[in-house]
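**Student:** Structure for the following, please:
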Amino acid sequence: MDNRTPRVDPRVLRTRQLLKDAFVELLQEMDIEKISVNRIAERATINRVTFYLHYRDIPDMLEKMADEMIEDINCILTNDLTIQNSKEEKDWPMLVNLLEHFAEHAKFYKVVLASRRTPIFTDRMLRLLTELVTSRIERMGDESVLATAGIQKDIAIWYGSSALIGTIVAWLRQDMPYTPVYLAKQFILMRSLS
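**Tutor:** Down below sits the predicted model:
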């Protein structure tokens, strides 16, 4: 028997991508409250019934899209953690790959993170970044600069995760004026100063 994950039918993937693209396009044009299943289906050039084969309703669609977003980002972060060894080098490629992912899917992230219309995505992203910052701070241990400076761990986590998501959102809103590599270098430089 084969223990691998079952392969999803390409037609299902294509339909979900059409629905996702239609939703993102509509969100660029109007408030989320004005988006209906009919509008999404029309924009995706499918019928309403097909929408309901994939999602119960729009909130279910948003939940699943947010889950996919976090899963994609976790794949990037997990792959990077297994590749690198030293503390400093571990964060650098991870940050570059994360920012490259945002740049590659800029249209999606600009709408769902930088538009203030879909808090589910921002909340999930903040939760993920908080976990990332928490693990980094815990790796530093009691001998870190934070501990010797008397900075509370929870405050450092709030600050680090909020600064990271805030910078990413601002970068997206400004149409990514810096490359992912340059922005990652700037993060590393700022972190080395603190």
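**Student:** CA atoms for contacts and neighbours, from now on please.
**Tutor:** Noted.
**Student:** now for the helix or strand of the chain with the lowest mean pLDDT, which elements pack on it?
**Tutor:** Every helix and strand in the chain was compared by mean pLDDT, DSSP states H and E; the lowest is helix 145-149, with a mean of 73. If you count contacts as 3 or more CA pairs under 8 Å, 6 or more residues apart in numbering; DSSP states H and E, helix 145-149 packs onto helix 153-173.
**Student:** Show me which positions of the helix it packs on end up buried.
**Tutor:** I157, G160, S161, S162, L164, I165, I168, V169, W171, L172, R173 (16 or more other CA atoms under 10 Å).
**Student:** What is the distance between the least confident helix or strand of the chain and the centre of its chain?
**Tutor:** From the chain centre to the centre of helix 145-149 is a distance of 30 Å (CA atoms, centre = their mean, to the nearest Å).
**Student:** What of stretch 160-179?
**Tutor:** 12 Å.
**Student:** contacting residues around that stretch?
**Tutor:** Contacting residues not belonging to stretch 160-179 are listed as L99, A103, A106, Y109, K110, L113, A114, M125, L126, L129, T130, V133 [CA atoms under 8 Å, 6 or more residues apart in numbering].
**Student:** Kindly present those as CSV, with separate columns for neighbour count, secondary structure and pLDDT.
**Tutor:** Supplementary listing: these in CSV, determined by neighbours: other CA atoms under 10 Å; DSSP: H, G, I helix; E, B strand; the rest coil; pLDDT from 0 to 100:
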residue, neighbour count, secondary structure, pLDDT
L99, 22, helix, 93
A103, 19, helix, 94
A106, 18, helix, 91
Y109, 22, helix, 90
K110, 24, helix, 90
L113, 24, coil, 86
A114, 21, coil, 79
M125, 19, helix, 90
L126, 18, helix, 90
L129, 20, helix, 89
T130, 21, helix, 91
V133, 20, helix, 85
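**Student:** could you dump those residues to a markdown table with distance to I70?
**Tutor:** Below are the contacts of stretch 160-179 laid out as a markdown table (distance: CA to CA, whole Å):
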| residue | distance to I70 |
| --- | --- |
| L99 | 14 |
| A103 | 16 |
| A106 | 15 |
| Y109 | 12 |
| K110 | 15 |
| L113 | 13 |
| A114 | 16 |
| M125 | 7 |
| L126 | 10 |
| L129 | 10 |
| T130 | 13 |
| V133 | 16 |
